[in-house]
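Student: coordinates only, no sequence provided:
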């Protein structure tokens, strides 16, 4: 698929078919994730792939943003010690979330290309996930990705108009957008 | 679960959903804690583990009270409550 088409076809999908995703496919999503840029090239991420039904249920118990039980969940975590050591305060407080989001977008777009769908979720309790996933203190869960073959693909929400979101040279200065 | 109590909980939830739009923000968590207690009370013996019955006592003791005194204490107590429940869930084998 063309990149532009993949970007426009990506949706936040919340209803999935009860169809297993094979491991090599899940790994290929992570491979896309690790090719995201990261601040100072720290590559702070650690991905936990969850496919066991009971473990998915346990995570769902502490994730109000997860409305169904997907075939797979991916916890995108960052190593805060690594971020702090190499990225300082900015690494720990800002870059760790940005880097997770960049990896997540690569994963979401690659999923579309492979016929899968995703939903990125931030409404979870990090302390609870730490217990469920057995995370060491320095490994912080930043984003969850629900993954599966889509049952229903929602219509895209309207996008704000380009001339509303673009300024030329300084904020508020309009210009041609077409 | 008793039908009447279940319906009371549903009424409480839909009313709270609407009323919380106009009420102080902390009422949202408070209503959720109320519902948590109501469900524990409504559940029969075999529907819920003793862990949650003991959690309710915990909550009655200091979560509700601390909410009125200091936002930080309320938040810290809720952090501890979530971790207790997560530790319980993490041990579940089936």
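Tutor: Structure received. Please read all numbers here as calculations on a predicted model, not as lab measurements.
Student: immediately after the lowest-mean-pLDDT helix or strand in chain B, which helix or strand?
Tutor: Lowest mean confidence among the helices and strands of chain B (mean pLDDT, DSSP states H and E): helix B:64-69, at a mean of 60. Scanning the chain past helix B:64-69 towards its C-terminal end, the next helix or strand to appear is helix B:71-90 (assignment: DSSP states H and E).
Student: tell me the buried residues in that following helix?
Tutor: Taking 16 or more other C-beta atoms under 10 Å in any protein chain shown as the neighbour-count basis, helix B:71-90 is seen to contain the buried residues B:74, B:77, B:78, B:81, B:82, B:84, B:85, B:86, B:89. Where you see a C-beta, it was placed from the backbone N, CA and C, and this is true even at glycine.
Student: which strands and helices sit next to it?
Tutor: Contacting helix B:71-90 under the criterion 3 or more C-beta pairs under 8 Å, 6 or more residues apart in numbering or on different chains; DSSP states H and E are the following elements: helix A:53-61, helix A:126-133, helix B:50-58, helix B:64-69.
Student: re the thing from before, got the buried residues of helix B:71-90 as JSON lines, with distance to residue A:166 columns?
Tutor: Conversion of those to JSON lines gives the following (distance: C-beta to C-beta, whole Å):
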{"residue": "B:74", "distance to residue A:166": "43"}
{"residue": "B:77", "distance to residue A:166": "47"}
{"residue": "B:78", "distance to residue A:166": "42"}
{"residue": "B:81", "distance to residue A:166": "46"}
{"residue": "B:82", "distance to residue A:166": "42"}
{"residue": "B:84", "distance to residue A:166": "49"}
{"residue": "B:85", "distance to residue A:166": "47"}
{"residue": "B:86", "distance to residue A:166": "44"}
{"residue": "B:89", "distance to residue A:166": "47"}
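Student: out of the residues you listed, who's nearest chain A?
Tutor: Within the buried residues of helix B:71-90, proximity to chain A (C-beta to the nearest C-beta) peaks at residue B:86, which comes in at 3.7 Å.
Student: so where does residue A:64 fall, helix or strand?
Tutor: Assigned by DSSP H and E, residue A:64 belongs to neither a helix nor a strand.
Student: need phi/psi at residue A:173.
Tutor: Per-residue torsions, residue A:173: phi -90, psi 120 (degrees, to the nearest 10).
Student: re earlier: select, out of the helices and strands packed on helix B:71-90, the one closest to residue A:67.
Tutor: Nearest to residue A:67 among the helices and strands packed on helix B:71-90 is helix A:53-61; the distance by C-beta to C-beta comes to 8.8 Å.
Student: list the contacts of the closest one.
Tutor: Around helix A:53-61, the neighbours that count as contacts under C-beta atoms under 8 Å, 6 or more residues apart in numbering or on different chains are A:50, A:66, A:69-70, A:72-73, A:75, A:124, A:128-129, A:132-133, A:144, B:89-90, B:92, B:94.
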